[in-house]
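[1] Let me see the structure of the following:
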Amino acid sequence: MTIITTTCRDIIELLPVSQAACRLLFQECFKAGINNIFITETYRSQERQKYLFAQGRALQIIFLIS
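    Okay, the predicted model is just below:
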């Protein structure tokens with residue numbers, strides 16, 4: 001279970017096929033000399049998506065009121 005305010009960057013949270021794709025991406029990047037790779041988010045629950053969407057909506061309302 002993840003907390004909606006916390007970003008998940010652990011590839012273990014992904015399905016096995018997605019984990020393999022992620023590892024392959026890293027391997028290919030390293031072969032190409034790209035060594036500085038950072039995963040911003042792996043798994044996002046529906047609850048977290050709603051939380052992030054609500055934050056964006058709140059910012060839109062503030063800009064409209066200002």
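[2] contacting residues around the closest residue to C22 other than its chain neighbours?
    Nearest-residue entry for C22: I11, 4.9 Å, with adjacent residues in sequence omitted and distances by Cβ to Cβ, 6 or more residues apart in numbering. C-beta: built from backbone N, CA, C; applies to glycine. Taking Cβ atoms under 8 Å, 6 or more residues apart in numbering as the criterion, I11 is in contact with S18, Q19, C22, R23, I39, T42.
[3] So the third one versus E41, what's the distance?
    Taking Cβ to Cβ, to the nearest Å as the criterion, C22 is separated from E41 by 12 Å.
[4] the more surrounded of those two?
    Counted by other Cβ atoms under 10 Å, C22 and E41 do not tie: C22 has more neighbours, with 15 against 11.
[5] Contacts only, for the one residue sitting closest to the centre of the chain.
    By Cα atoms, centre = their mean, the chain has its centre lying nearest to E41, at 1.9 Å. Contacts for E41 (Cβ under 8 Å, 6+ apart) come out as T7, C8, R9.
[6] tally of neighbours for L25?
    Quick note: L25 (other Cβ under 10 Å) scores 13 neighbours.
[7] scratch that, K31 is what I was asking about
    Based on other Cβ under 10 Å, the number of other residues close to K31 is 8.
[8] Please tell me how far it sits from L14.
    K31 is 22 Å from L14, by Cβ to Cβ.
[9] same thing with T42?
    T42 is 5 Å from L14, by Cβ to Cβ.
[10] Report the residue spans of this structure with pLDDT below the cut-off.
    Low-confidence segments of the chain, defined by pLDDT under 70: 1-2, 57-66.
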